[in-house]
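Enquirer: I would like to see how this sequence folds:
(2 chains)
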Amino acid sequence: MILRLPLWILGALLLAGIVHLSTVLAMPTAATQDAYSRLAQLTPVNAVVPLPPPSAQDATMPFMDPAFAVAVCRYDLAGGAIKLSAPLSQAYTSVTFYTRNSVAYYAINDRAAGRRAIELDLMTPEQHAQVPEEEDVTAADRLIIESPTSRGLIVLRALAPEPGLMFMARRALAGAQCRIEPLPGQ
Amino acid sequence: MRLFFSAFVALLLAAAVGLAATWLTLTRGVAFGALTIGAWTAWPKSGSVDIDPYARAIIARTGELPVGAGDGVAFYAHTDDSGNPLDGRCTYLVSGITPAARYWTLTLYDSRGRLVANTLDRHGFTSTEIVREATGRFSVNVGPRARAGNWLPSGGVEQFVLVWRLYDTPIGVAQLTTKEGPMPAIARKSCS
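Expert: Numbers count the residues shown, from 1 in each chain, chains lettered A, B, ... in the order given. Predicted structure coming up:
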């Protein structure tokens, strides 16, 4: 009996560890208030939608940077690849790609884009494999991003260096487009 | 009967301890790969596919979207330099030099990541609008009452969080050290 109690406690602690790890791992799929779920109520699929600026009363997500105008394209690659184009604002523009579970798998800013707009194609690895080889070569300047999940979020951010310039940042994002492009041969 | 009872207690204990551990790690913000400089902490890997399971769970629970690694890095401060929690009823002086980044923003949130209401509608500063001293240093007064110069109102909330975001920073975050990235000091001045 003296030996049994520590054994029970050890077993319980081992089981507690399993409970702990499995709940942590299950959290991203079980969460109902994650960024994608919040945006699913506000945004259509495969279209760029501006988000309301965060205020003390209301914000789409916690810890949003109020100095940025934000627009979101909630994508679903089931119908084909996405063609994204975002004109650059005067100060600083960035585009970040998130999986369905809010993992930021790619981000690019205006300096890396180099031109007057950020333009790229988003597709699943399977769709990328179907892109004809010679097209890949001729369009060498075409940036192709592979999405690890078929659904996810593209978040476009334009900085307003001063509050008075917010309208310009918002206007720049208003020209952004994200649309489904059927793959060649489909 | 005794065996059944022991097993039941052990299972109950396991569930309670396991769930408590999960709750604690997720609410306290435990994640691996934290980069702490002074009062500031960043989780650079949270903005990439190398994000650890704890950070993933935290983000899923709070609903925030981390700053992507190719975009910038966000530093969070929950305390001042001496380790006391940031209190909205106290006045702080945040001072430092301009970091190696194209733009940066300093923003004040309550402990749940919401902006704090104030009459000025000011929630932070960008590197462009902040008023600098002749030497290039900047200082921001964070407190409930209006101050001359850069005043960031804390609205008297019980606890607040400062977030310093560096955008398009050429410093590889991996080798960002105290020497390369001197972070702003957070000094408590007075409490009302």
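Enquirer: and the most centrally placed residue in chain B, how far is that from B:A60?
Expert: When Cα atoms, centre = their mean is applied to chain B, the residue found nearest the centroid is B:Y76 (1.7 Å). As judged by Cβ to Cβ, to the nearest Å, B:Y76 and B:A60 stand 18 Å apart. For every residue, glycine as well, the C-beta is placed using N, CA and C.
Enquirer: kindly report the same for B:L19.
Expert: Counting by Cβ to Cβ, the gap from B:L19 to B:A60 is 16 Å.
Enquirer: again with B:S46
Expert: As judged by Cβ to Cβ, B:S46 and B:A60 stand 12 Å apart.
Enquirer: of these two, who's got more company?
Expert: Neighbour count, other Cβ atoms under 10 Å in any protein chain shown: between B:S46 and B:A60, B:S46 has more, with 28 against 25.
Enquirer: these two touch, right, that one and B:L65?
Expert: No: counting by Cβ atoms under 8 Å, B:S46 does not reach B:L65; the two are 10.2 Å apart.
Enquirer: now do the shared contacts for those two.
Expert: A:104, B:59 (Cβ atoms under 8 Å, 6 or more residues apart in numbering or on different chains).
Enquirer: the helix ranked longest in chain A packs against which elements?
Expert: Across chain A, the longest stretch assigned as helix under DSSP state H is helix A:4-30. Judged by 3 or more Cβ pairs under 8 Å, 6 or more residues apart in numbering or on different chains; DSSP states H and E, the packing partners of helix A:4-30 are helix B:2-28, helix B:53-62.
Enquirer: grab the nearest non-local neighbour of residue 33.
Expert: Chain wasn't specified; assuming chain A. B:G63 (4.8 Å; Cβ to Cβ, 6 or more residues apart in numbering or on different chains).
Enquirer: ah, no, chain B please
Expert: B:K45 (4.4 Å).
Enquirer: how many residues are close by that neighbour?
Expert: 20.
Enquirer: looking at it now. What's its pLDDT?
Expert: With respect to pLDDT, B:K45 has a value of 84.
Enquirer: OK, contacts around B:L11?
Expert: A:12, A:15.
Enquirer: how far away is it from B:V17?
Expert: 11 Å.
Enquirer: repeat for B:I58
Expert: Counting by Cβ to Cβ - B:I58 and B:V17 are separated by 20 Å.
Enquirer: of these two, who's got more company?
Expert: Neighbour count, other Cβ under 10 Å: between B:I58 and B:V17, B:I58 has more, with 25 against 17.
Enquirer: just to check, the more buried one is in contact with B:L26?
Expert: Yes: B:I58 lies in contact with B:L26 (Cβ under 8 Å); the separation is 5.4 Å.
Enquirer: which SSE is the most centrally placed residue in chain A in?
Expert: Centroid check for chain A by Cα atoms, centre = their mean gives A:Y98 as the closest residue, at 2.5 Å. Using DSSP states H and E, A:Y98 sits in strand A:93-99.
Enquirer: any part of that strand near chain B?
Expert: Yes: contact of strand A:93-99 with chain B (Cβ under 8 Å from any Cβ of the partner chain) involves A:94, A:96-98.
Enquirer: dump these to CSV, plus distance to B:P53 and pLDDT.
Expert: Listed next are the residues of strand A:93-99 next to chain B as CSV, based on distance: Cβ to Cβ, whole Å; pLDDT from 0 to 100:
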residue, distance to B:P53, pLDDT
A:S94, 26, 93
A:T96, 21, 95
A:F97, 20, 95
A:Y98, 17, 95
